[in-house]
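Visitor: Sequence first, then the predicted structure, then my questions.
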Amino acid sequence: MSAPTLTAPTPGTTSPGAQPSPARTARPGRGLVATAASQLFLVLLTVAFLAPVVWAVLSAFKPARAIVADPLGFAPGDATLENFARMFEDVPIGQGFLNTAIVLVLKGTLTLVFAPLAGYAFAKYDFPGKTLIFGTVLVTLMLPTIVLIIPLLLEMKELGWVNTYQALVLPGAVDAFAIFWMRQVVAAVPDELLDAARVDGCSELGIFARIVVPVIRPALAGLGVLTVMNIYNDFVWPVVVASSERMATLQVVLSTLAQNITGNRIGADYATVTGELLAAASVALVPLLVVFVLLQRHFINGILAGSVKG
C-alpha cells in the first residue's frame, strides 16, 4: 500500500475550515472613503484660508462706492484701477518697499551667514561652556518680544541709532531659532566626512564651505524663506525704533494708511479709505506670494531637513 501524498495549498487559496485573515476581510472601499474625506477637509480648509485674500484682492479693483454698497459682489465690467492710483498718490508705499528691501537684504544676509556658523560650532566642536551657552540661547526662545523692546530701545538710544538702518537690521539678525535649527541640521552631517576633509588638509572654514554647506542646503533654503517672511511681516520693532516716515518699513506704512489717506485727501470718506486700504494690502501681498510660490519646494524640503534629530 502506498503512503498518501500531501499536497501544499495553492497560493491564494484557503484550506477547508480555515478562517480568512483580517486583511482579506477588510472592505476595500473603506480606504477610499477615508481618502476622500481627508481630501474634502483639505479643500474646505484651503477655501477658508483663501477666501478672505481673494475677496480683498477682487474688492481692490472695485469702485470705492461698490465696496460698501455690495461687499460680496464683483462685476468684471466695473473693474478699475482707481483705488491703486489714489493709494500711490496718498501713501508713501514706495519708500516703505525700499526700506523693507534694504533691511531684508542686510538682515537676511547676516542670518544666513552667521546662524549656520553658530550651529556648526555647537554641533561639531567641544569648547568650555558649550552646554551653558547653548542653553542660554534656547532660554531666549521663551522670552516674549515685548519684554525685550524697552531694553533694546534704550540701547539704540544710547548708541544714537534710533530711526536708522542699524537699529532695524542688527537686533535679532541672528536669532535663537535660526541657531537651534542649524545646529540640529548640522548635527546630522556624518563626522567621517569632516575627518576625511581634515586628513586631506582642508581648513575648518573650507570644511564648512565645501562639505557642510552643500549638505545642509535644503535647510538653508527653508531658513531663507522663513527669514524673508519674518522680516517682511515684522511690525512691532520697526514701529518702535523707526517711526519716522523716512525710515518706516512697509508694515509701518500699512498701519498708518488710514491717517495718511485722510490727511492727504480732504473729505475722504469711509469708502475711499477702504478701497485704498485694500489696494495697498493687495500690492503688499504680491512680493511675499511670489517668493513663496517660487521657493515652496525648497521651503518644504528645508522643513523636513530641519526635523532631524541631532
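Guide: Cool, the structure landed. Residues are numbered from 1 along each chain as shown.
Visitor: drop to CA atoms for contacts and neighbour counts, all remaining ones
Guide: OK.
Visitor: Look up how far Ile216 lies from the closest residue to Met182 other than its chain neighbours.
Guide: Once flanking residues are discounted, Met182 sits nearest to Gly119: 4.8 Å by CA to CA, 6 or more residues apart in numbering. Using CA to CA, to the nearest Å, Gly119 is found at 11 Å from Ile216.
Visitor: who has more neighbours, the two?
Guide: Gly119 (22 against 19; other CA atoms under 10 Å).
Visitor: Sticking with the more buried one, tell me its helix or strand.
Guide: Assigned by DSSP states H and E, Gly119 belongs to helix 93-124.
Visitor: coming back round to it: now do the shared contacts for Gly119 and Ile216.
Guide: Contact criterion CA atoms under 8 Å, 6 or more residues apart in numbering; residues shared by Gly119 and Ile216: Val186.
Visitor: residues contacting Ile300?
Guide: Applying CA under 8 Å, 6+ apart to Ile300 gives the contacts Gly222.
Visitor: So for it, what's the pLDDT?
Guide: In the predicted model, Ile300 carries a pLDDT score of 70.
Visitor: which secondary structure element contains it?
Guide: Using DSSP H and E, Ile300 falls within helix 270-305.
Visitor: Need phi/psi at Asp72.
Guide: To be clear, residue 72 is Leu; Asp isn't right here. Backbone torsions of Leu72, given as degrees, to the nearest 10, read phi -90, psi -10.
Visitor: show me what contacts it?
Guide: Neighbouring residues of Leu72 by CA under 8 Å, 6+ apart: Trp55.
Visitor: Please report how far it lies from Leu58.
Guide: Leu72 is 10 Å from Leu58, by CA to CA.
Visitor: and if you look at Ala279?
Guide: From Ala279 to Leu58 the distance is 9 Å (CA to CA).
Visitor: neighbour-wise, which of these two wins?
Guide: Ala279 (27 against 20).
Visitor: what pLDDT does that one get?
Guide: 91.
Visitor: Could you do Thr262 as well?
Guide: As predicted, Thr262 sits at a pLDDT of 62.
Visitor: Quick check: buried residues in the strand or helix carrying Val47?
Guide: Counting by DSSP H and E, the element that carries Val47 is helix 28-60. Using 16 or more other CA atoms under 10 Å as the test for burial, helix 28-60 gives Ala56, Val57, Leu58, Ser59, Ala60.
Visitor: Fine by me, we can end here.
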